[in-house]
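>>> Just to be clear, the model below is a prediction. Sequence and coordinates:
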Amino acid sequence: FFRALTSLVFVVLMAAVWAWQDDYGDWNEYDHSVSQAVEAALLAKKPKVSIRMNRYTYTLDLKNMKQVNENTRRAHPVKQLVASKPRMPSKEVEQMFDKYYNAGLQEGADKAVDALQGAAFVALCEDLGIDLEDPVVLVLAWKSNAKNSFQISRDEWARAMTALGVDSLKKLKAALQSMRTEITYEEAFKEFYFFVFDFVKDDGTTVLSNDTAVAYWQLLMSLQWPLLTSWCTYVTEVFKKAITRDVWKQLFYFSQLPSLEPAHYDADEGAWPSVMDDFVEWHREQQK
């Protein structure tokens, strides 16, 4: 498993350094090979990685940022001391970024930001032969772990191409179907869906406008949830408010319910946002 993960890094990453905290509060650097394995796991979106150190086996939980000794079950915090900086997997991939970056500049993108913005995505979609509203564009942003709304930086582009095993436009086109397939799996879709909220919201805000949230629900969940049309109608015509991150995330779990019958949904438990309680009551009235 260790070797399989490290082999994913076919691009040399400028040395990331990971460390664990001992009982005295000191941070102890892992060997380079361990740090490399952790970075590979992150690229592959693996939540955990197993390592051997000092004759013991440890699991590094990258979601909760802790190291667990598999024998004693003792846990210690872990963190990244020095961030990795991915390099482009090929000259063609770098030229692709530059081409789309320049397309954005021609349409007024901020030249101070070394990132794909605005018309850059239009040019990218034209080369890929897809529509700008194709969800796979958002999958690409997810793979890049983009930090800013509607932007993919140069380093993030390199990270996405590395994660996808892409070193040319031809290979990126070939990867589109596997990208679409990946988000049909529940766990991958959940992570992707959670990512989309921050990628599509306006910078400096903590909510999505009502119409923006509805548009992306319709884009992402039309095949996932039979009650989507009813939910969007309620949100648009009755709720009418902006959508918080909590409501966005909770809708994923809400959509997994087998039905809205009392056996599956109990408003008295108080586990759901009030908008969902109100929707259930509204929906039941509509069914009478």
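Happy to help now that I have it. Numbers count the residues shown, from 1 in each chain.
>>> just how off-centre is stretch 69-89 within its chain?
19 Å (Cα atoms, centre = their mean, to the nearest Å).
>>> I should have written stretch 75-90 there, sorry.
Here stretch 75-90 shows a centroid-to-chain-centroid distance of 17 Å under the convention Cα atoms, centre = their mean.
>>> First-to-last residue distance for it?
In stretch 75-90, first residue to last residue: 40 Å (Cα to Cα, to the nearest Å).
>>> next one: stretch 178-193
In stretch 178-193, first residue to last residue: 17 Å (Cα to Cα).
>>> which of the residues in it are buried?
Neighbour counts over stretch 178-193 (16 or more other Cβ atoms under 10 Å) mark 179, 182-183, 189, 192-193 as buried. Just so you know, the C-beta spots here come from the backbone N, C-alpha and C atoms, and that holds for glycine as well.
>>> any chance of the residues you listed in TSV, with secondary structure and distance to Val166 too?
Shown next, in TSV, are the buried residues of stretch 178-193 (DSSP: H, G, I helix; E, B strand; the rest coil; distance: Cβ to Cβ, whole Å):
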residue	secondary structure	distance to Val166
Met179	helix	10
Glu182	helix	14
Ile183	coil	17
Phe189	helix	21
Phe192	helix	18
Tyr193	helix	23
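>>> which among those gets closest to Phe199?
Closest approach between the buried residues of stretch 178-193 and Phe199, by Cβ to Cβ: Phe192, at 10.0 Å.
>>> What pLDDT does the model give that closest one?
On pLDDT, Phe192 comes in at 95.
>>> and what of the one 10 residues further on?
You'll see Asp202 listed with a pLDDT of 89.
>>> Settle this for me: it is touching Ser149, isn't it.
Yes - if you go by Cβ atoms under 8 Å, Asp202 and Ser149 touch, sitting 6.2 Å apart.
>>> So between these two, which is more surrounded?
A side-by-side neighbour count of Asp202 and Ser149, using other Cβ atoms under 10 Å, places Ser149 first with 15 against 12.
>>> wait, what's in contact with the more buried one?
198-203 (Cβ atoms under 8 Å, 6 or more residues apart in numbering).
>>> just to revisit the earlier point, JSON lines please, covering the buried residues of stretch 178-193 and showing distance to Val17.
As requested, these are exported to JSON lines (distance: Cβ to Cβ, whole Å):
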{"residue": "Met179", "distance to Val17": "31"}
{"residue": "Glu182", "distance to Val17": "30"}
{"residue": "Ile183", "distance to Val17": "32"}
{"residue": "Phe189", "distance to Val17": "33"}
{"residue": "Phe192", "distance to Val17": "29"}
{"residue": "Tyr193", "distance to Val17": "32"}
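>>> show me where the stretch 1-150 of the chain has strands.
17-21, 27-29, 48-53, 56-61, 66-69, 75-82, 115-116 (DSSP state E, counting those that start in this stretch).
>>> Where does the prediction get shaky in the chain?
Within the chain, the stretches with pLDDT under 70 are 1-15, 84, 263, 267-270.
>>> how about the helices of it, start to end?
Taking DSSP state H as the test, the helices found in the chain are 2-6, 32-43, 91-106, 119-128, 135-144, 154-164, 169-182, 186-200, 210-221, 228-234, 245-255, 274-286.
>>> I'd like to know which elements the third one is packed against.
Counting contacts by 3 or more Cβ pairs under 8 Å, 6 or more residues apart in numbering; DSSP states H and E, helix 91-106 is packed against strand 115-116, helix 119-128, helix 154-164, helix 169-182.
>>> Need the residues that contact the last one.
Right, the one you point to is helix 169-182. By Cβ under 8 Å, 6+ apart, the surrounding residues in contact with helix 169-182 are 92, 96, 127-130, 135-136, 139-140, 143, 161, 164-166, 188.
>>> out of those, who has the most neighbours?
Neighbour counts for the contacts of helix 169-182 (other Cβ under 10 Å) peak at Met161, which has 28 neighbours.
>>> could you list every residue that touches that one?
Contact partners of Met161, counting by Cβ under 8 Å, 6+ apart, are 88-89, 93, 167, 172.
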